[in-house]
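1. This is the structure alone, sequence omitted:
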């Protein structure tokens, strides 16, 4: 639905309307200068060929160094697989870990393609309802309760989470992973928004278990969405299986994107400046939205999302966001996209744009709802 809103917004823009985009989780900022320079140099050389299926060795080594620098965690570069964004990683992970018919727990609300890709490969996504009390995260108790009803084969964790922007504490993450693995449930940790944390330090699942499959990407923190470049950290026993799948499905990831991604780690200073902009945007919404009636929203711990309760205005978030787009000129995503059970009274706002746009969005919404 987020992409449908984006398409509707594009049609209005083509007709001359000014639209404030808060619907898609896409940084407005460019990739670091180091990325652009590395890609330009690679293209100028002209020799852009396949890489190995697992990815350029120097990139895998640089990602391993990133874990050591950021988390103090050593990871063997041989366990790192370069993927076509996080989407490609999820497909490889699901195909490797699960069989058709397997039940995989995901938090509700949650990122829609979790459900969609699982269904595509024949698995059954099991939505576990979450609450504000647990920062919209699955807990060991809720996981085991579902597991007792009918055995689960998998669990997908995200912290920071989309759409809520909430995070698990390091202790909560560790306890959930250990509980799942002790019950024979395979765990995938989505860490795509790592680096974008404001109230809780993000903890990697690699600090808890070598059996957990980790998915990450250069899309969000490094502002490289369209470059389609991500990575996985996988148990050693799964590397060869994933390699063969990657060889068959895509041969290898874009060579230019891999070369550029290695240079992204030289752009940390730029990306931290972008992050400070998100923090400003976050504060603008936290202070401004309650003044115009959006009084209930989840703690925006990380990522660049604010998930708001709109029950004071509507019980149809799809209709509400449609009216918001045409009347307030603000594009946002209906909660139904993330929560097919109870999303009719929620809306996700992305604050990955500029501070000026956040102020304008609050003003436009105020004028519309007045």
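-> Great, that's in hand. Worth saying up front: this structure is predicted, and the values here are computed from it rather than measured.

2. How many residues are close by residue 176?
-> The burial count assigned to residue 176 is 24, neighbours taken as other Cβ atoms under 10 Å. Heads up, the C-betas are built off the backbone N, CA and C, glycines and all.

3. the longest helix in the chain is where?
-> In the chain, taking DSSP state H as the definition, the longest helix is helix 268-288.

4. For residue 138, list the residues it contacts.
-> 105, 107, 128, 130, 155, 157, 176 (Cβ atoms under 8 Å, 6 or more residues apart in numbering).

5. Among those residues, which one lies nearest to residue 366?
-> Each of those was scored against residue 366 by Cβ to Cβ, and residue 130 proved nearest at 30.4 Å.

6. per-residue confidence at residue 6?
-> Note on residue 6: pLDDT of 84.

7. So what does it look like in phi/psi?
-> Taking degrees, to the nearest 10, you get phi -60, psi -40 for the backbone angles of residue 6.

8. Please renumber the chain so that the first residue is 25 from this point on.
-> Fine by me, first position is 25 from now on; the one you just mentioned is residue 30.

9. pretty sure it is in contact with residue 48, am I right?
-> Yes - the criterion here is Cβ atoms under 8 Å, and residue 30 meets it with residue 48 at 5.3 Å.

10. Residue 45 - nearest residue in space that isn't next to it in sequence?
-> For residue 45, the nearest residue in space outside its immediate sequence neighbours is residue 355; the separation is 5.2 Å by Cβ to Cβ, 6 or more residues apart in numbering.

11. Do me a favour and get the end-to-end distance for stretch 346-360?
-> With Cα to Cα, to the nearest Å as the measure, the ends of stretch 346-360 fall 13 Å from one another.

12. List the buried residues of it.
-> In terms of neighbour count (16 or more other Cβ atoms under 10 Å), stretch 346-360 has its buried residues at 348-349, 352-360.

13. any idea which of the residues you listed is the one closest to residue 244?
-> Lowest distance from residue 244 to the buried residues of stretch 346-360 (Cβ to Cβ) belongs to residue 357, with 16.1 Å.

14. Now do the same contact list for the closest one.
-> Applying Cβ under 8 Å, 6+ apart, we find residue 357 in contact with 25-26, 29, 47-48, 187, 345, 371-372, 374.

15. which stretches of the stretch 225-374 of the chain form helices?
-> For the stretch 225-374 of the chain, applying DSSP state H, counting those that start in this stretch gives helices covering 263-273, 279-288, 292-312, 341-347.

16. out of these, deepest packed?
-> helix 279-288 (a mean of 22; mean count of other Cβ atoms under 10 Å).

17. Next, the angle from that one to helix 292-312.
-> 80 degrees (axes from the mean of the first three to the mean of the last three Cα atoms, to 10 degrees).

18. Give me the mean pLDDT for helix 279-288.
-> On average, helix 279-288 scores 98.

19. what's the distance between the closest residue to residue 360 other than its chain neighbours and residue 345?
-> If the residues on either side of it in the chain are set aside, residue 360 comes closest to residue 367, at 4.1 Å by Cβ to Cβ, 6+ apart. To residue 345, residue 367 is 11 Å away according to Cβ to Cβ, to the nearest Å.

20. Would you mind grabbing the residues shared as contacts by those two?
-> Each of residue 358 lies in contact with both residue 367 and residue 345 under the rule Cβ under 8 Å, 6+ apart.
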